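J.: Next input, structure requested:
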Amino acid sequence: MNNKLDKLNIEEKEKQLKYYNECIANTKTLVELAKDRKQQHEQRKVELEEEIKAQGVNPDNIDEEINNISEELERLIEEVDSLIPYDLLKQMNKLPERD
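T.: Below you'll find the model as predicted:
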């Protein structure tokens with residue numbers, strides 16, 4: 001009877017080891033996939049930085065450039081707004097509805 005228990009314990013341990021081996025193999029696969037994705041993202045980052053440089057912008061200063069462009073856009077919108085003859089459009093019933 002003791003022999004039978006030992007055999008069951010060994011079979012259980014073998015099942016457990018097989019399970020662990022499958023988990024380890026799957027983990028290795030996931031690690032390789034993650035490395036591949038990381039490499040793809042790093043390559044894309046380099047490509048984007050080159051595109052940004054081609055536009056005459058230093059990627060290290062991208063936040064500052066975005067702020068400058070946003071400020072310029074706001075300034076231009078205000079300028080356009082100041083040039084539209086709203087009173088005349090309203091008087092002639094040509095002022096469109098705002099959304």
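J.: Nearest the middle, which residue of this protein would you pick?
T.: Nearest residue to the geometric centre of the chain (C-alpha atoms, centre = their mean): H41, 9.6 Å.
J.: Off-centre distance for the strand or helix carrying that one?
T.: In this assignment (DSSP states H and E), H41 forms part of helix 2-54. Here helix 2-54 shows a centroid-to-chain-centroid distance of 23 Å under the convention C-alpha atoms, centre = their mean, to the nearest Å.
J.: which helices and strands does the following helix or strand past it pack with?
T.: In the C-terminal direction, the helix or strand that comes right after helix 2-54 (DSSP H and E) is helix 62-83. For helix 62-83, the contact count by 3 or more C-beta pairs under 8 Å, 6 or more residues apart in numbering; DSSP states H and E identifies no helix or strand as a packing neighbour. Every C-beta, even on glycine, is put in place using the N, C-alpha and C of the backbone.
J.: what is the orientation angle of helix 62-83 with helix 2-54?
T.: Comparing the axes of helix 62-83 and helix 2-54 via axes from the mean of the first three to the mean of the last three C-alpha atoms, to 10 degrees yields an angle of 50 degrees.
J.: which residues touch helix 62-83?
T.: Counting contacts by C-beta atoms under 8 Å, 6 or more residues apart in numbering, the residues outside helix 62-83 that touch it are I52, V57, N58.
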